[in-house]
Every structure is written in structure tokens, then in C-alpha cells.
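Visitor: I'd like to go over a predicted model; first the sequence, then the structure.
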Amino acid sequence: MFGPPGSGKGTQASRVAVRLGVPHVAAGDMLRSEVARDTALGREAKPIMDAGGLVPDDLVVRMIDARLNEPDATNGVLLDGFPRTVPQAVALDTMLAARHEKVDDVISLEVHDDELKARILKRATTEGRSDDTAEGLAQRLIVYRQDTAPVLDHYRNGSTRIEAINGVGDIDVITERIIESLKHNGVALRSA
Ligand code: ADP
């Protein structure tokens, strides 16, 4: 699940993962859990996350690699918030190749900047995430354009299917757009 900060990746990924019958693996949630548990990784990640930056690739890659070794990941996962840089995408290709697997599909949620800003500032008042500030958001959008948007080109240049989904509208309607697109591409889904 690919998209800018505030695009609704997390919400949609958790719904779509249920229909795919695979775990939802959210890099941001895993990092926030490390912060909450005050682990060595969490202590390193927190100031970076609060400033809207990216946690170093090697730390995130190791965290995801370990997650893919968990027994529930045997039949695949839905990744959310990873890969977020081209080096992470290259590392993911390598770790999947070692398992005779690959990225099957990229779901790209498309939302324009004004809508992203409005959503994140609203989330700041309801969820209280420590990186949801006006400065944190501005920085995350800069980082997204510079480091994360090229990840889509990495997949475009390979042979991975990319599903571009309009991420503006009702949450249920957006989920339906994703499901229809997956069905259209012959992806097997569980009933709702
Ligand atoms: P959002 O996409 O709304 O910004 P996330 O929960 O996906 O929220 O990510 C929150 C923060 O966690 C990011 O701004 C970044 O600091 C860190 N983070 C998440 N995923 C990665 C990743 N793959 N690589 C580096 N940092 C990450």
C-alpha cells in the first residue's frame, strides 16, 4: 500500500489485508510500538519521527526482515509504509528473492496536497500522534516527494503491477475501488 502521509494507507491497508487473508504489516505502527516499549530502536527512531524525517534504512529493513520471518507471514503480507526509499525497495527485492517471492502488486493511493494537509491537521486533534504537527507534516511531504515518490518508479521500471486508486472520497468507497481493482487483476479475495 503506497501513498503520501495522510493518504489513508493505514486505514485502507488494514481493511484490504482482511480481504486478502494476510497480515497487515505497517512500518509506522511497528516503529511507534518500539517507541512505546522504549527499545533501543525506539529511542533512536523517536526524535527522527517527531521531526518528520525517515528512520535509517538499515534499521527499518532489519525490522521488516524479522517480521517476514514470523510464521503468519508465510503466505504473504500487505506492507504499509515500507519500502519508503529506493534503497529499502532494493533491500525488499533481495529479501523476497531469497524466499522465492516478489512484490505482486502496488496499490497507490492518490490524494492531492490540500486534502492531505487538512486530514493530518484533523488527525492531530483526534489521535494525538507526536509527529502530526504543521511542521512535521510539511517535512513529511518534502521527504515523501524527495525519497518516497521514486519508489513508484522503481516498481514502474520493473514488471510489478501498479494500481492507481483515487484516495479522495468516502472510506468505504475507496476500499471498494481497491477491491474492484484487485478483482479486475485476478487477485483472489475472501468475501467481505
Ligand atoms: P504517515 O505515512 O502518515 O506519515 P506512518 O505511520 O506510515 O505515517 O509513518 C510515521 C513515521 O514513521 C514516518 O514519518 C517516519 O519517520 C517513520 N517511518 C515509517 N515507515 C518508515 C520507513 N519505511 N522508513 C523510514 N522511516 C519510516
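Guide: On my side now, so go ahead. Remember, predicted model here, so these are calculated numbers, not experimental data.

Visitor: only C-alpha atoms for contact and neighbour calcs from this point on.
Guide: Fine.

Visitor: from the ligand, how far out is Asp131?
Guide: Asp131 is 7 Å from the ligand, where distance means CA to the nearest ligand atom, to the nearest Å.

Visitor: my guess is that residue contacts Ile48, does it?
Guide: No. Using CA atoms under 8 Å, Asp131 is not in contact with Ile48; the gap is 9.4 Å.

Visitor: between the two, which one's more packed in?
Guide: Asp131 (21 against 14; other CA atoms under 10 Å).

Visitor: the more buried one looks like it's in a strand, true?
Guide: No. Using DSSP: H, G, I helix; E, B strand; the rest coil, the secondary structure at Asp131 is coil, not a strand.

Visitor: in the protein, which spans are strands?
Guide: For the chain, applying DSSP state E gives strands covering 24-26, 78-80, 105-110, 161-166.

Visitor: can you give me the buried ones in the last one?
Guide: Of the residues in strand 161-166, those with enough neighbours to count as buried (16 or more other CA atoms under 10 Å) are 163-166.

Visitor: any idea how far the ligand is from the closest residue to Val60 other than its chain neighbours?
Guide: Nearest residue to Val60, sequence neighbours excluded (CA to CA, 6 or more residues apart in numbering): Ala27, at 7.6 Å. Counting by CA to the nearest ligand atom, the gap from Ala27 to the ligand is 4 Å.

Visitor: got it, and Gly169?
Guide: 17 Å.

Visitor: what's the neighbour count on Glu135?
Guide: 12.

Visitor: for this protein, what lies in contact range of the ligand?
Guide: 5-6, 27-29, 48-49, 52-57, 60, 81-84, 140 (CA under 6 Å from any ligand atom).
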